[in-house]
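coordinates only, no sequence provided:
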């Protein structure tokens, strides 16, 4: 049986460089968003020498939104 912590482990999406890697960009999404959509967009506008990482925050209760659970840092 998987632990609760493992079930909540956020996903990180990666866009690999198409050339020789010279750096890495870590992009953090906004409240309620995920890394998935941003990773898809960066497939089109990426720099060939950069690796891009798009982590998704864990879903937690957010006071600003009445305690609704959503991806939040």
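Nice, thanks for sending it over. Source: prediction; values computed, not measured.

ok, now which ones touch the closest residue to residue 55 other than its chain neighbours?
Take residue 55 and drop its neighbours on the chain: the residue closest to it by CB to CB, 6 or more residues apart in numbering is residue 12, 4.4 Å away. Quick note: C-beta positions are derived from backbone N, CA and C, even for glycine. Counting by CB atoms under 8 Å, 6 or more residues apart in numbering, residue 12 touches 35, 53-56.

any of these buried? List them.
35, 54-56 (16 or more other CB atoms under 10 Å).

show me the strands in this structure, by range?
12-15, 23-26, 50-55, 59-62, 68-71 (DSSP state E).

so which of those strands is the most packed in?
Comparing the strands of the chain by mean neighbour count (mean count of other CB atoms under 10 Å), strand 50-55 ranks first with a mean of 18.

partner strands of that one and their direction?
Using DSSP bridges, the strands paired with strand 50-55 are strand 12-15 (antiparallel), strand 23-26 (parallel).

indicate which one of those strands is closest to residue 70.
Minimum separation from residue 70 across the strands paired with strand 50-55 (CB to CB) falls at strand 12-15, 17.8 Å.

coming back round to it: of all pairs in the buried ones among the contacts of residue 12, which one is the farthest apart?
Maximum distance among these (CB to CB): 7.3 Å, for 54 and 56.

ok, residue 28 - how many residues close by?
13 (other CB atoms under 10 Å).

for it, give its distance to residue 18.
Separation of residue 28 from residue 18 (CB to CB, to the nearest Å): 23 Å.

same check on residue 38?
18 Å.

the longest helix seen in the chain - contacts with which helices or strands?
Looking across the chain with DSSP state H, the single longest helix is helix 35-45. With contacts defined as 3 or more CB pairs under 8 Å, 6 or more residues apart in numbering; DSSP states H and E, the packing partners of helix 35-45 are strand 12-15, strand 50-55.
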